[in-house]
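A.B. asks: This is a predicted model, with the sequence first.
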Number of protein chains: 2
Amino acid sequence: MKFYDCLTAPSPRRVRMFLAEKGIEIETVQIDLRNKEQLSEAFLAINPRGTVPALALDDGTVLCDGASIMRYLEEIYPEPPMLGATAVEKALVAEWTARVEFEGFMATAEAFRNSSKAFKDAALTGPVAHAQIPELAERGRKRVADCFAVLDERLQKSAFLAGDNFTAADIAAFVFVEFSAWIKLVPEDSQTALKAWRDAVAARPSAAV
Amino acid sequence: MKFYDCLTAPSPRRVRMFLAEKGIEIETVQIDLRNKEQLSEAFLAINPRGTVPALALDDGTVLCDGASIMRYLEEIYPEPPMLGATAVEKALVAEWTARVEFEGFMATAEAFRNSSKAFKDAALTGPVAHAQIPELAERGRKRVADCFAVLDERLQKSAFLAGDNFTAADIAAFVFVEFSAWIKLVPEDSQTALKAWRDAVAARPSAAV
């Protein structure tokens, strides 16, 4: 297997943390997003989507999405389970991952990519040009704050998002919170459960990779 | 278990098709989205997200997202597998589901909800008001066309999205294609693989539920 990564980007960071939690080491290639290497002819021949993370399997299949990469790794390296152990936990990992992606991560990405000069005509990932939409940047910032509140409420009642165990849903949420700092949004002082959880996740060795 | 559904909406339709493919019958409650019943006090007490589908489990847990509901049902009713049988197939189901949701379904939803008068200040699902953004409607239409091309290319090489078997990724894509007709976007005549696949899926009994 070969893992296509970018140390400066949030989406591949989720996979790096997932690998570290499982103690898996894979040959890794860095793709330089700052110089648009993901849109180079060489990389598009590997992943026509023009995105990282990607994982090339030994049978020639290339997985081009964090969701598929984490599912594959969970199947072949089941311990420790990062996508849930019981039926309910598996469901809650799926639920919180989906919520964090849609209500959180995407909101931060919209705020960031629709306001930063570096992303002019690149408001969405991939090879197709899309103009920035300033209202989407503004809406994104509001939604990030709403998502922080949702996470704080959940974490007041539960040690981790899917219950008692640290899972890929927590990785998704942690990377979302860290990504939001890029647009200078951080949890409120009053969101004590979210902040305590964030500090605990930040102390895990996987957060340093 | 109790399933909260809405016969006129695309997201719960994915769960209905999933249930039908597995031959599962569950007590079902219709939530009238056209009259905003999903935002009623009674329904928000069940699902504070204010969205359908939702699935109330017998232990009191309420699953509030199609992803979590389908994952739970796959665990407790594994046959026939709808989220993949092998590690690679499971990964490809996750991959194509994620792609269809982000590149397709969300694009149609953005085009629809940001242009229809009925969704003024309801450009996103849930209880928080969000103003419509006309540029997002326009961008959505372009992205739907791009997603049709991606699906057609895949289906030229593969009977179904994740390989030889009909899976939840095909359900996601079929419901996306049907949803796109609401905004008068349909596959091009030249997209023969996509059209043949669509017609084959439409002929399955699960497409009628």
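C.D. replies: That came in fine, so what should we check first?

A.B. asks: count of residues packed around A:Thr125?
C.D. replies: By other CB atoms under 10 Å in any protein chain shown, the residues close to A:Thr125 number 19. Just so you know, the C-beta spots here come from the backbone N, C-alpha and C atoms, and that holds for glycine as well.

A.B. asks: List the contacts of it.
C.D. replies: A:Gly50, A:Thr51 (CB atoms under 8 Å, 6 or more residues apart in numbering or on different chains).

A.B. asks: let's see 10 Å
C.D. replies: A:Ala9, A:Ser11, A:Leu33, A:Gln38, A:Arg49, A:Gly50, A:Thr51, A:Val52, A:Ala109, A:Arg113, A:Phe119, B:Phe102 (CB atoms under 10 Å, 6 or more residues apart in numbering or on different chains).

A.B. asks: Not counting residues beside it along the chain, what's closest to the first one?
C.D. replies: Meaning A:Ala9. Nearest residue to A:Ala9, sequence neighbours excluded (CB to CB, 6 or more residues apart in numbering or on different chains): A:Leu33, at 5.5 Å.

A.B. asks: which phi and psi does A:Leu55 have?
C.D. replies: With angles defined as degrees, to the nearest 10, A:Leu55 sits at phi -130, psi 120.

A.B. asks: from the chain's centre, how far out does the strand or helix carrying A:Ser180 sit?
C.D. replies: Per DSSP states H and E: A:Ser180 is located in helix A:168-180. How far helix A:168-180 lies from its chain's middle: 6 Å, per CA atoms, centre = their mean, to the nearest Å.

A.B. asks: Using PDB, write down the CA coordinates of the helix or strand just after it.
C.D. replies: Next in sequence after helix A:168-180, counting helices and strands by DSSP H and E, comes helix A:192-202. Below are the C-alpha coordinates for helix A:192-202, written out as PDB (Å, rounded to 0.1, in the frame of the first residue of the first chain):
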ATOM      1  CA  THR A 192     -15.900  23.600  29.200                       C
ATOM      2  CA  ALA A 193     -16.800  20.000  28.100                       C
ATOM      3  CA  LEU A 194     -15.600  20.700  24.500                       C
ATOM      4  CA  LYS A 195     -12.400  22.300  25.700                       C
ATOM      5  CA  ALA A 196     -11.600  19.600  28.200                       C
ATOM      6  CA  TRP A 197     -12.200  16.900  25.500                       C
ATOM      7  CA  ARG A 198     -10.100  18.900  23.000                       C
ATOM      8  CA  ASP A 199      -7.200  19.100  25.500                       C
ATOM      9  CA  ALA A 200      -7.400  15.400  26.200                       C
ATOM     10  CA  VAL A 201      -7.300  14.500  22.500                       C
ATOM     11  CA  ALA A 202      -4.500  16.900  21.900                       C
END
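
A.B. asks: Which residue ranges make up each domain of chain A?
C.D. replies: A:2-76, A:87-208 (automatic domain parsing).

A.B. asks: Same list (these) but as TSV, adding mean pLDDT.
C.D. replies: Listed next are the domains of chain A as TSV, based on pLDDT from 0 to 100:
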stretch	mean pLDDT
domain A:2-76	97
domain A:87-208	96
